[in-house]
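**Q** sequence unknown, structure follows:
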């Protein structure tokens, strides 16, 4: 059941990140995949910073921030700046 919640939160986070950051150019399906990967990245980043969140809202915020960070990184790489 935890995996199902993780996927649902990741999908919601990807959609929210796509709405926040318009023009990412990855489409709905891409943003949803980015949300799931971003949830993992957000958890990793928050762990490094010593930040812990609880509850559904905290997990969603963590996933959205991770998704936005991943969208930024992918957009940066897509422009050929690296």
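**A** Received, thanks. Treat the numbers as computed from the prediction; the structure is a model and nothing was measured.

**Q** which residue packs closest to residue 40, ignoring adjacent ones?
**A** Residue nearest to residue 40 in three dimensions, not counting chain neighbours: residue 66, with 7.0 Å by Cβ to Cβ, 6 or more residues apart in numbering. Yep, even glycine has a C-beta here, placed from its N, CA and C like the rest.

**Q** er, residue 52 actually
**A** Spatially, and ignoring its direct neighbours in sequence, residue 52 is nearest to residue 46 (7.0 Å; Cβ to Cβ, 6+ apart).

**Q** ok so, going back, isn't the residue nearest to residue 40 right next to residue 48, touching?
**A** No - assessed by Cβ atoms under 8 Å, residue 66 is found out of contact with residue 48, at 11.7 Å.

**Q** between those two, which one's more packed in?
**A** Neighbours around residue 66 and residue 48, counted as other Cβ atoms under 10 Å, are more numerous at residue 66. The numbers are 27 against 8.

**Q** list the buried residues in the one helix or strand the more buried one maps to.
**A** In the assignment (DSSP states H and E), residue 66 maps to helix 55-78. Buried residues in helix 55-78, defined by neighbour count with 16 or more other Cβ atoms under 10 Å: 59-68, 70-71, 74.

**Q** may I have the distance across stretch 10-30, first residue to last?
**A** 12 Å (Cα to Cα, to the nearest Å).

**Q** quick one: low-confidence parts of this structure?
**A** Applying pLDDT under 70 to the chain flags the ranges 1, 23-25, 81-82.

**Q** which residues touch the most centrally placed residue in it?
**A** Geometric centre of the chain, nearest residue: residue 67, 1.9 Å, by Cα atoms, centre = their mean. With contact taken as Cβ atoms under 8 Å, 6 or more residues apart in numbering, residue 67 is in contact with 13-14, 16-17, 31, 34-35, 37-39, 41-42.

**Q** how about the nearest residue to it, chain neighbours excluded?
**A** Residue 67 sits nearest to residue 38 (Cβ to Cβ, 6+ apart), 3.0 Å away.
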